[in-house]
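# dropping a prediction and its sequence here:
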Amino acid sequence: MAGFTVVGSPMNTRWFPVDYNAVTLYVGQLVTWCFGDSGQGLKAWDVAGAMDTTVDPGQAPMGVVIGFNNRVPLFDTTYKGEYGTSVSTQAAQLARESVMAQGMWKNDPALCAQVAVLDTTTQLKGRIFDTTYGTAPDVVTNTTQSTTGATITTAAVDHTYPAYNAMWYCRSGGNMGLYRPSYSASTTSHTFYLTWPYDIEVGDTFVPVAFTLGMSKMMFDSVGTYVEQWGNDHATSYSTNYLWVDVMDINLATAGNEYVIFRPNVCQFSPINRG
């Protein structure tokens, strides 16, 4: 599976032009619409700003790319899917071989993408990776026994998991196969109100992610093709960049195939005052 897929809503598709400024988009990529002098067309949904503090038109999702009007498909080995790169000059447009686009963009030589349009009911399935596309989330190891099931102790992880905005999965040990949300914000001591039912032993392994069930903060990679394990471009305070989503299901059972099912929260579609 390349990028994001729609799994929980009737699919409404539309054709849109890709932003003219040599923008490369990929099948499975989450996209938004450029506004004004920042661009004119689709671009990656790679938010810069905190939703509850920053007014940013780029925080409103448009949809998921499902195809392009390229006569000859182009395949990207990094993101495992088709891609297209926009052009703007007369010569470059007329040199393209375009097919398939419909509606107001039918027979247009500009690069267009077919998009599965998102709304507040659309559920998405996204792969979870660490740092780069295709890199499975990190596994951490418990270093101190907990007979209460309330604390996982680890060597310092790369980033502080955000309080009340993280989920842990037990990959091996007495609690294998179970999930628990953490409430602490620490690189070494990870605590839980809903305790693990069995003692946490030295050597037990876990996979944590920087989002949780229900309304949660989340962040994608800069291209908008996967969900980041750590979140917020690997700085999980979520103080400067994040999106609000509603998480339905998290699956961390199989290394390399971790995924999450979610929908953009309604606040992401709110009217935006550009000033």
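On my side now, so go ahead.
# residue contacts, residue 147?
residue 199 (C-beta atoms under 8 Å, 6 or more residues apart in numbering). (C-beta placed from N, C-alpha, C; glycine too.)
# just the strands from the stretch 101-250 of the chain, written as ranges.
112-117, 124-129, 140-141, 151-153, 166-172, 179-182, 189-191, 205-209, 214-218, 227-228, 243-251 (DSSP state E, counting those that start in this stretch).
# highest mean neighbour count out of the ones you listed?
Among those, ranked by average contacts under mean count of other C-beta atoms under 10 Å, first place goes to strand 227-228 (a mean of 25).
# same for that one, what does it pack against?
Under the contact criterion of 3 or more C-beta pairs under 8 Å, 6 or more residues apart in numbering; DSSP states H and E, strand 227-228 touches strand 124-129.
# coming back round to it: would a markdown table of the strands of the stretch 101-250 of the chain with distance to residue 31 and mean pLDDT be doable?
Listed next are the strands of the stretch 101-250 of the chain as a markdown table, based on distance: least, C-beta to C-beta, whole Å; pLDDT from 0 to 100:
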| stretch | distance to residue 31 | mean pLDDT |
| --- | --- | --- |
| strand 112-117 | 7 | 96 |
| strand 124-129 | 13 | 95 |
| strand 140-141 | 33 | 96 |
| strand 151-153 | 37 | 97 |
| strand 166-172 | 27 | 97 |
| strand 179-182 | 30 | 97 |
| strand 189-191 | 35 | 95 |
| strand 205-209 | 24 | 96 |
| strand 214-218 | 17 | 93 |
| strand 227-228 | 16 | 92 |
| strand 243-251 | 14 | 94 |
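# can I get these in a markdown table with distance to residue 85?
Output for the strands of the stretch 101-250 of the chain, formatted as a markdown table (distance: least, C-beta to C-beta, whole Å):
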| stretch | distance to residue 85 |
| --- | --- |
| strand 112-117 | 11 |
| strand 124-129 | 23 |
| strand 140-141 | 39 |
| strand 151-153 | 45 |
| strand 166-172 | 37 |
| strand 179-182 | 40 |
| strand 189-191 | 43 |
| strand 205-209 | 32 |
| strand 214-218 | 28 |
| strand 227-228 | 24 |
| strand 243-251 | 26 |
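# what about residue 104, how many neighbours?
11 (other C-beta atoms under 10 Å).
# state the distance from it to residue 17.
10 Å (C-beta to C-beta, to the nearest Å).
# residues contacting the residue nearest to residue 225 when sequence neighbours are not counted?
In space, and not counting its chain neighbours, residue 225 is closest to residue 3: 4.5 Å by C-beta to C-beta, 6 or more residues apart in numbering. Residues in contact with residue 3 (C-beta under 8 Å, 6+ apart) are 26-30, 64-65, 79, 81, 126-127, 225-226.
# do the same with residue 60
By C-beta under 8 Å, 6+ apart, the contact list for residue 60 reads 32-33, 268-270, 272.
# relative to residue 7, how far out is it?
Residue 60 is 21 Å from residue 7, by C-beta to C-beta.
# same check, this time on residue 30
From residue 30 to residue 7 the distance is 14 Å (C-beta to C-beta).
# any idea how far residue 198 is from the residue lying closest to residue 191 once chain neighbours are set aside?
Leaving aside its sequence neighbours, residue 191 sits nearest to residue 184 (C-beta to C-beta, 6+ apart; 4.2 Å). Using C-beta to C-beta, residue 184 is found at 20 Å from residue 198.
# can you get me a residue count around residue 77?
For residue 77, the count of nearby residues is 6 (other C-beta under 10 Å).
# next, the spatially closest residue to residue 230 that is not a sequence neighbour: phi, psi?
Nearest non-adjacent residue to residue 230, counting by C-beta to C-beta, 6+ apart: residue 159, 5.0 Å away. Taking degrees, to the nearest 10, you get phi -150, psi 160 for the backbone angles of residue 159.
# per-residue pLDDT, residue 159?
On the pLDDT scale, residue 159 is placed at 73.
# equivalent analysis for residue 47, please.
Per-residue confidence at residue 47 stands at 66 (pLDDT).
# show me what the closest residue to residue 141 other than its chain neighbours bridges to in the sheet.
Excluding the flanking residues, the one nearest residue 141 by C-beta to C-beta, 6+ apart is residue 205, at 5.3 Å. With DSSP bridges as the criterion, residue 205 is bridged to residue 141, residue 172.
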